[in-house]
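*Asks:* I would like to see how this sequence folds:
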Amino acid sequence: MNGLELSRAFFEEHGLPMLRSEFPDLMPHLACGLTGSGSECFGFDDTVSQDHDFEPGFCIFLPGEDTIDRHTAFLLERAYARLPREFHGFRRSLIQPVGGSRHGVIRISDFFEEKTGAADGILTLSQWLELPEAMLAEATNGELFMDHAGIMTQIRDSLSQYPEEVRRKRLAGDLLLMAQSGQYNYMRCIRHGEPAAAQLAVFEFVQHTMHAVFLLNQVYEPYYKWAFRAMRKLPLLPLLAELLEYLLTTDNGPEMAEDKYDVIEGIASDIIDVLIDQKLTKANCGDLEKHAYSVNDGIADASLRNLHILAAV
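*Replies:* All right, here's what the predicted structure looks like:
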């Protein structure tokens, strides 16, 4: 049983009956589920994940104080705290994890303020451009088990993908840095006799390739330690994860470097094919830099288009 399954079972067996018996009048205003920080919210948890911050629990999301006041919220917190301390062999911790509680009673506004900087989930253009992608992933991951009012669902839906113009801007920057690090600087570092610098170029290429792949899939990339696992599950270009892992985990000796450069060019070709399929570029070549500027040129909003091409990376 993974964390999401454990959370849902705990909610259905103990949380929902508690809410129905003690707070029936609040039910139309509440949302319950598991979303936010932690591998279990992405479905990426395993036995290793259970060594910290892993427990049966769920979130009870509340609307503003004009609907549910502080005293009522306090009563909900007490009722949640009285739920069984052990469930399916897992104990609920009395110690909050770093960064605060991930379960229990949470205001909807507080949750989205923490994750996105906007209590109502309505982001400005600068927030869309600057907000770390992993935070957007945490704001929209997991699962809601109940949401009668629909407020939580509505905000999550509004944040579920980048606006198309923002996606293009972020993608253009990633493509440009892929070109500079992989297609240009990698072999130059090798020829300069700088294998460590060459590996830094590989790191840069891998990082921005992964960003680009997630953008092409219109899925947020999660925190880096789960990025490869998430990438392998994407519908578009999931096999690039194995090639990127190869680039990261091999040395940069002369023979290996030539092979790695061929892999870099192959990855670039695969990315370009998808850019063409999605009608994001008008360039007709294998140079990712030219495709980067073509993607940027396709942004309709002149003020966004005219920002530096790296403004969103």
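*Asks:* gap between residue 111 and residue 60?
*Replies:* Using Cβ to Cβ, to the nearest Å, we find residue 111 at a distance of 11 Å from residue 60. Just so you know, the C-beta spots here come from the backbone N, C-alpha and C atoms, and that holds for glycine as well.
*Asks:* same check, this time on residue 273
*Replies:* Distance, residue 273 to residue 60, using Cβ to Cβ: 46 Å.
*Asks:* So between these two, which is more surrounded?
*Replies:* More crowded of residue 273 and residue 60, by other Cβ atoms under 10 Å: residue 60, with 24 against 11.
*Asks:* mind listing what the closest residue to that one other than its chain neighbours touches?
*Replies:* Excluding the flanking residues, the one nearest residue 60 by Cβ to Cβ, 6 or more residues apart in numbering is residue 105, at 4.9 Å. Residues counted as contacts of residue 105 (Cβ atoms under 8 Å, 6 or more residues apart in numbering) are 59-60, 62, 73, 76-77, 80.
*Asks:* How many residues are close by residue 194?
*Replies:* Neighbourhood size, residue 194 [other Cβ under 10 Å]: 14.
*Asks:* tell me the contacts of residue 251?
*Replies:* By Cβ under 8 Å, 6+ apart, the neighbours of residue 251 are residue 195.
*Asks:* Let me know the helix or strand that it is in.
*Replies:* According to DSSP states H and E, residue 251 maps onto no helix or strand at all.
*Asks:* Repeat that for the one 5 residues further on.
*Replies:* Assignment of secondary structure by DSSP H and E places residue 256 within helix 254-277.
*Asks:* Give me the angle between the helix or strand following that helix and helix 254-277.
*Replies:* Following helix 254-277 in sequence order, the next helix or strand is helix 288-297 (DSSP H and E). For helix 288-297 against helix 254-277, the angle by axes from the mean of the first three to the mean of the last three Cα atoms, to 10 degrees is 30 degrees.
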